[in-house]
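Peer 1: starting from these lines, generate the structure:
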Amino acid sequence: IYSYDMLSGVLDGVNSEGLTVALLADDETVEKYSMEPAGLDAVGPGEVQMLRMLLDTCATAEEAKEALLMTKQSYAFNPVPPSGV
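Peer 2: All right, here's what the predicted structure looks like:
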């Protein structure tokens, strides 16, 4: 597990329930998918905070999918293409 800023975000990890998450970034995504309209003014946890939230609150992939769909997210650090779990 790699974490940032006092464990506020992670790039990948496994929780005690066995849920595994990973950030799959693509440096070419910015060219394909714009950050508009939000840009740097987006609201919600960023991609590394979302993974931490999933590890802290979800036990299964189904719970993680629901959390991803129900939570507003921002992308501030790594370009992440829209995708499912």
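Peer 1: tell me the buried residues in the strand or helix carrying residue 13?
Peer 2: Element membership of residue 13 [criterion: DSSP states H and E] is strand 9-14. Using 16 or more other Cβ atoms under 10 Å as the test for burial, strand 9-14 gives 9, 10, 11, 13. All C-beta atoms are positioned from the backbone trio N, CA, C, and that covers glycine.
Peer 1: show me what it pairs with in its sheet, parallel or antiparallel.
Peer 2: strand 2-4 (antiparallel), strand 20-22 (antiparallel) (DSSP bridges).
Peer 1: among these, which gets the worst mean confidence?
Peer 2: Ranked by mean pLDDT, these end with strand 2-4 at the bottom, a mean of 58.
Peer 1: neighbours of the residue lying closest to residue 19 once chain neighbours are set aside, just the number please.
Peer 2: Closest residue in space to residue 19, ignoring its immediate chain neighbours: residue 58 at 5.5 Å, by Cβ to Cβ, 6 or more residues apart in numbering. By other Cβ atoms under 10 Å, 20 other residues sit near residue 58.
Peer 1: surely residue 58 and residue 18 touch.
Peer 2: No: under the criterion of Cβ atoms under 8 Å, residue 58 is not in contact with residue 18, lying 10.7 Å apart.
Peer 1: sec struct for the nearest residue to residue 57 once chain neighbours are set aside, please.
Peer 2: Sequence neighbours aside, residue 67 is the residue nearest to residue 57 in space, at 6.5 Å (criterion: Cβ to Cβ, 6+ apart). Using DSSP: H, G, I helix; E, B strand; the rest coil, the structure places residue 67 in helix.
Peer 1: next up, the contacts around residue 67.
Peer 2: Residues in contact with residue 67 (Cβ atoms under 8 Å, 6 or more residues apart in numbering) are 53, 54, 57, 58.
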